[in-house]
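**Q** I would like to see how this sequence folds:
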Amino acid sequence: MRLLHTSDWHLGHALKDVPRDAEHAAFLAWLLETCAREKPDALLITGDVFDSATPPASAERMWFEFLAACKVKVVAIAGNHDSPARLGAASPVLAELGVTIVGGGWQVVDVGGAVIAAVPFLRAIELPDGDDPMAQIYASAIAEATAVAAGRPVIATGHLYATGADPSHLSERRISIGGQESASLRMFPETLAYVALGHMHRAQRVGRDSIRYAGAPIPLALDESSYKHSVVLWEDGAIRLLPIPRLIDVMQIRGNVVQVLAEIAMLPSGADPLRPYLEIIVRLDKPEPRLRAQIETALDGKRARLVRLATEATGHGEALAERTAASRLAELDPRDVFRQCWSRQHADAPPADVLAAFDRLLEVVA
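**A** Residues are numbered from 1 along each chain as shown. As a prediction, the model looks like this:
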């Protein structure tokens, strides 16, 4: 029995307003080729097919074109970003293509060599009363799947935050169900051959080798640039990760203004629709009112796409009250207060023209 596990496609996603259609199209083409080469008995998609409950038409077209072209059975569950009703609306038609969509509730799916307890993202309204309602649902789904399996492997799916998982903080929303921040791994007994999870964008195992997040197929946030995106191939208990080629890289330049401008100057030139996404973080020793204009001028003609420009303060970061006794605050000279506030953000002392402007301000308000 051979299964291919992928998750968190987020079709329709944009990175800082830059659409990702080309990257998703490249991934889906690669996935079709991978299915043709590896010949899995089923493809598991564990949630967040779309980036929002109302995806753009281009994302839905990409989804349906993939399903029409895929030559293996597909079992897909809804994630927290998906609309269960929208994702499952075409289920009767898709069933003719060997596609099973589980939007709400749960379903036992027989794929021949294995049986899947397909549990989607569980919303509060779907949970029963009592202690640990999520565990109740999984216990029921796994029990029914085990009865149907009659000795065959049982696979469980989920879209949740499992205890011990390593999240990507910029692109994932932590979920809370039943007052809990995470789902206990006790919900997944050792009798399960494999647990296919979604929601974490970093591909990883949790607890034991057979509990896995497939991870997202492309970087969904700038802090995911170093992740090794992959799909999981499970075959009779053996696990192999298949790396996903990256169409567009993510780069970061960090330093003071001089260092950043020097690194930008070294970037290759040329127009390219697949140019890398670039994040620039500038360490400021003093205010730079024209910083963005400087950066954008330096990037003109370069083979890079600026998606985020941020600054880092170089001062001590402490509030004035943290550095000065309360009894002395009223005794401080306004110029000293200004200098101390300035040093909170900037390592360099305020320049003479700034101090002169502050003196003029004091004269006006005196």
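
**Q** For the rest of this, base every contact and every neighbour count on C-alpha atoms.
**A** OK.

**Q** ok, residue 142 to residue 234 distance?
**A** Taking CA to CA, to the nearest Å as the measure, residue 142 falls 19 Å from residue 234.

**Q** do residue 109 as well
**A** Note on residue 109: its distance to residue 234, by CA to CA, is 17 Å.

**Q** try residue 226
**A** Distance check for residue 226 against residue 234: by CA to CA, it reads 24 Å.

**Q** ok, now residue 75?
**A** The gap separating residue 75 from residue 234 is 15 Å, by CA to CA.

**Q** same thing with residue 94?
**A** In this structure, residue 94 and residue 234 are separated by 24 Å, where distance is defined by CA to CA.

**Q** Tell me which of the two has more neighbours.
**A** Each of residue 94 and residue 234 has its neighbours counted (other CA atoms under 10 Å); residue 234 has more, 20 against 17.

**Q** In a strand, that one, correct?
**A** Yes. Secondary structure of residue 234 (DSSP: H, G, I helix; E, B strand; the rest coil): part of a strand.

**Q** contacting residues for it?
**A** Residue 234 is in contact with 2-5, 194, 240, counting by CA atoms under 8 Å, 6 or more residues apart in numbering.

**Q** Among these, which lie within strands?
**A** Using DSSP state E, the subset of the contacts of residue 234 located in strands is 2-5, 194, 240.

**Q** Identify the farthest-apart pair in those.
**A** For the ones in strands among the contacts of residue 234, the maximum inter-member distance is 12.8 Å, found between 194 and 240 (CA to CA).

**Q** More neighbours: which of those two?
**A** Looking at residue 194 and residue 240 with other CA under 10 Å, you find the greater number of neighbours at residue 194, namely 27 against 12.

**Q** per-residue confidence at that one?
**A** Looking at residue 194, its pLDDT is 98.

**Q** Correct me if wrong: it contacts residue 213.
**A** No. Taking CA atoms under 8 Å as the contact criterion, residue 194 and residue 213 are not neighbours in contact, 11.0 Å apart.

**Q** do you know how far residue 224 is from residue 273?
**A** Here the criterion is CA to CA. By it, residue 224 lies 21 Å from residue 273.

**Q** Tell me the confidence at the residue nearest to residue 342 when sequence neighbours are not counted?
**A** Of all residues not flanking residue 342 in the chain, residue 350 sits nearest, at 6.9 Å (CA to CA, 6 or more residues apart in numbering). At residue 350 the predicted local distance difference test score is 78.

**Q** same check, this time on the one 4 residues further on
**A** Looking at residue 354, its pLDDT is 79.

**Q** host element of it?
**A** Secondary structure assigned from DSSP states H and E places residue 354 in helix 352-365.

**Q** And that helix, how far out from the chain middle?
**A** Per CA atoms, centre = their mean, to the nearest Å, the displacement of helix 352-365 from the mean C-alpha position of its chain is 47 Å.

**Q** Give me the buried positions along that helix.
**A** For helix 352-365, burial by neighbour count (16 or more other CA atoms under 10 Å) applies to no residue.

**Q** Not counting it itself, show me its contacts.
**A** Contact with helix 352-365 is made by residue 335, as judged by CA under 8 Å, 6+ apart.
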